[in-house]
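Q: here is my input; please provide its structure:
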Amino acid sequence: MHQTPPPLPRLLLIEDDLISRSFLQTALEALPAQVDCAETLKGALDCAGQHDYALWLIDVNLPDGRGSDLLEQLRRYHPLTPALAHTADTCDALARQLRDDGFENVLVKPLSRESLLRSVRAALPPVATDLQALPAWDEARALSALNGQQAHIKALRDLFMGELPSVRDAIAQALRDEDRGQLQQQLHRLQASCGFVGAARLGAAAAQLQQQPENPAARASLTQAIHQLLLN
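A: Take a look at the predicted model:
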């Protein structure tokens, strides 16, 4: 039976400044994640009424109110959703107040892409997908990716399996070095390759580790998925 990888986390970004919103949205989509945007309290409440979100990123000052007031309203309906505040204000007293108001962390703009993603990953709920429910090899997905060319699947899988030990070692090295850029690059390439050859379980594990590279469970899941394929 054809099974798909777990869906991307859905995030709600509330930011009224166009330049800041464009930067934040582009960076967040690289998690990878699905990002919805709102510019006002009203827009954010409308979005929250239509979708469930894994995380809210809320500007402290909005055209129609305060970020803390928005968080209070959102929490009436979604009490467990984590939230990050973002602001250009560097005042320590404000940061303490925002945490008291219920924000997990306060991001000070301008901030780097890596700093943003690190904070978002730390705030996202832990990985909970049962990877063992996915097949090691998904024939239907591989055939779809290769336009039904059955003969190409074996050739590509042989190449994929031949390169997998070196990919495993490169990912392990990136984790040891805490090289987030190299890690994300390796995981992105691995996830794409898994899609072509139908390595469903490993592809899902790579996607999870992309989202939460510091999560021990996600790291263990990737190691196990690679080991299982190499043993077959």
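
Q: only C-alpha atoms from now on, for both contacts and neighbour counts.
A: Noted.

Q: wasn't Leu13 part of a helix?
A: No: under DSSP: H, G, I helix; E, B strand; the rest coil, Leu13 sits outside any helix and is assigned strand.

Q: and it, what is it in contact with?
A: Residues in contact with Leu13, defined by CA atoms under 8 Å, 6 or more residues apart in numbering, are Arg21, Gln25, Val35, Asp36, Cys37, Ala38, Trp56, Leu57, Ile58.

Q: from Leu164, how far out is it?
A: Look at Leu13 and Leu164: by CA to CA, to the nearest Å, they are 37 Å apart.

Q: just the helices from this structure, written as ranges.
A: For the chain, applying DSSP state H gives helices covering 18-29, 41-50, 67-77, 92-100, 113-123, 139-145, 150-177, 180-197, 200-211, 216-231.

Q: out of the ones you listed, which is closest to Gln132?
A: Taking CA to CA, helix 200-211 is the member of these nearest to Gln132, at 7.1 Å.

Q: between that closest one and helix 180-197, how big is the angle?
A: Helix 200-211 runs at 160 degrees relative to helix 180-197, counting by axes from the mean of the first three to the mean of the last three CA atoms, to 10 degrees.

Q: which residues are contacting helix 200-211?
A: So helix 200-211 is contacted by 3-6, 31-33, 121, 127, 131-132, 134-138, 184, 187-188, 190-192, 194-195, 215, 218-219, 221-222, 225-226 (CA under 8 Å, 6+ apart).

Q: please point out which parts of the helix or strand of the chain with the lowest mean pLDDT sit buried.
A: Lowest by mean pLDDT, DSSP states H and E among the helices and strands of the chain is helix 139-145, with a mean of 80. For helix 139-145, the neighbour count (16 or more other CA atoms under 10 Å) marks Glu139, Arg141, Ala142, Leu143 as buried.

Q: which segments of the protein make up each domain?
A: Using automatic domain parsing, the domain parsing of the chain gives 10-123, 131-231.

Q: model confidence over the first one, on average?
A: Read it as domain 10-123. Averaging pLDDT along domain 10-123 gives 93.

Q: end to end on that domain, go ahead and measure it.
A: Terminal residues of domain 10-123 lie 13 Å apart, using CA to CA.

Q: quick one: Leu24 from Leu94, how far?
A: Note on Leu24: its distance to Leu94, by CA to CA, is 21 Å.

Q: ok, these two, which is more surrounded?
A: Taking neighbours as other CA atoms under 10 Å, Leu24 and Leu94 compare with Leu24 leading, 22 against 14.

Q: show me the contacts for the spatially closest residue to Gln34 that is not a sequence neighbour.
A: In space, and not counting its chain neighbours, Gln34 is closest to Arg10: 4.7 Å by CA to CA, 6 or more residues apart in numbering. Residues in contact with Arg10, defined by CA under 8 Å, 6+ apart, are Ala33, Gln34, Val35, Asp36, Asp52, Tyr53, Ala54, Leu55.

Q: coming back round to it: of all the helices of the chain, which one is nearest Leu107?
A: Among those, helix 113-123 comes nearest to Leu107, with 7.5 Å by CA to CA.

Q: by how many degrees do that closest one and helix 18-29 diverge?
A: 60 degrees.

Q: and helix 113-123, what's buried?
A: Buried residues in helix 113-123, counted by 16+ other CA under 10 Å: Leu116, Leu117, Arg118, Val120, Arg121, Ala122, Ala123.
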